[in-house]
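Student: my questions are about this predicted structure, shown below with the sequence.
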Amino acid sequence: SQQGEEDPQALSIQEGENATMNCSYKTSINNLQWYRQNSGRGLVHLILIRSNEREKHSGRLRVTLDTSKKSSSLLITASRAADTASYFCATDAGGGGSNYKLTFGKGTLLTVNP
Amino acid sequence: GAGVSQTPSNKVTEKGKYVELRCDPISGHTALYWYRQSLGQGPEFLIYFQGTGAADDSGLPNDRFFAVRPEGSVSTLKIQRTERGDSAVYLCASSPPVSDTQYFGPGTRLTVL
């Protein structure tokens, strides 16, 4: 069964705009990770946020985590056409469970129009 | 440095045939994972290796699927008596010691006719 679910399923914006994607999950976690996938092939790791962290930045990316609501958001600022991809959140099995077994949502397909 | 590599990049086979998919992890990475991704879905966990041993194979769908990592580096995912439902992209990932970040390869797209 899926742990994480991204919202929206698809998002289309203009270059330069900000893009926000959300992820909700069901059970406790140790970490939550965001990945990007181009053309249905390899995933690129973007950022990992631990359950005791609330916000994390990496370049144009900002990730927030609200463990009370079991949700996370990924913000991409000043988007570029090259940001067009599918974005997935992945959670592990927290509460003493494994850190290695990631469960992915169905992803958000982001299209950035030039 | 070199990332995770997977071969072949594409594999087309006929129903009932046997296939092997290879994964070469990043040098020095002790953990290796296999995932399967169907069209329109996120990756689903298949199996996890720590060193040479399969620490968790709970995601393998049935006994037609088997994976090995005999020397703690390269891994092979083996699928016997392939079925059309096995068609998917098979992704491999690896992690360095004491890290939760998984680095993915480009995947092998398996098509069973």
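Tutor: Arrived safely, thanks for sending.

Student: rest of the way, CA atoms for contacts and neighbours
Tutor: Fine.

Student: which residues of the chain score low on pLDDT?
Tutor: You didn't pick a chain, so chain A it is. For chain A, residues meeting the criterion pLDDT under 70 lie at A:1-4, A:40, A:94-98.

Student: sorry, should have said chain B
Tutor: Across chain B (using pLDDT under 70), the flagged ranges come out as B:1.

Student: correct me if wrong: B:P106 contacts B:Q6.
Tutor: Yes - judged on C-alpha atoms under 8 Å, B:P106 makes contact with B:Q6 at a distance of 6.6 Å.

Student: now for those two: what residues contact both?
Tutor: B:C92 (C-alpha atoms under 8 Å, 6 or more residues apart in numbering or on different chains).

Student: what does chain A put close to chain B?
Tutor: A:41-45, A:48, A:88, A:99-107 (C-alpha under 8 Å from any C-alpha of the partner chain).

Student: if we go to 10 Å?
Tutor: A:1-2, A:4-5, A:30-33, A:35, A:37-38, A:40-48, A:86-90, A:92, A:98-107 (C-alpha under 10 Å from any C-alpha of the partner chain).

Student: which of these are buried? Put it as a ChimeraX command.
Tutor: Here is the ChimeraX command that selects the buried residues among the residues of chain A next to chain B (16 or more other C-alpha atoms under 10 Å in any protein chain shown):
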select /A:4,5,30,31,32,33,35,37,38,40,41,42,43,44,45,46,47,48,86,87,88,89,90,92,99,100,101,102,103,104,105,106,107
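
Student: restricted to strands, list the residues of chain A next to chain B.
Tutor: Using DSSP state E, A:5, A:31-33, A:35, A:37, A:43-48, A:86-90, A:103-104 are the members of the residues of chain A next to chain B that sit in strands.

Student: looking at chain B, what residue ends up closest to chain A?
Tutor: B:P106 (3.8 Å; C-alpha to the nearest C-alpha).

Student: apart from its chain neighbours, what residue comes closest to that residue?
Tutor: Spatial nearest neighbour of B:P106, excluding adjacent residues (C-alpha to C-alpha, 6 or more residues apart in numbering or on different chains): A:G42 at 3.8 Å.

Student: can you check B:R36 too?
Tutor: Nearest non-adjacent residue to B:R36 (C-alpha to C-alpha, 6+ apart): B:Y90, at 4.5 Å.

Student: now B:V89
Tutor: B:R109 (4.2 Å).

Student: list the contacts of the residue nearest to B:R84 when sequence neighbours are not counted.
Tutor: In space, and not counting its chain neighbours, B:R84 is closest to B:V112: 4.9 Å by C-alpha to C-alpha, 6+ apart. With contacts defined as C-alpha atoms under 10 Å, 6 or more residues apart in numbering or on different chains, the neighbours of B:V112 are B:11-17, B:82-88.

Student: give me the neighbour count for residue 62.
Tutor: Defaulting to chain A. 16 (other C-alpha atoms under 10 Å in any protein chain shown).

Student: try chain B instead
Tutor: So B:N62, with other C-alpha under 10 Å, has 9 neighbours.
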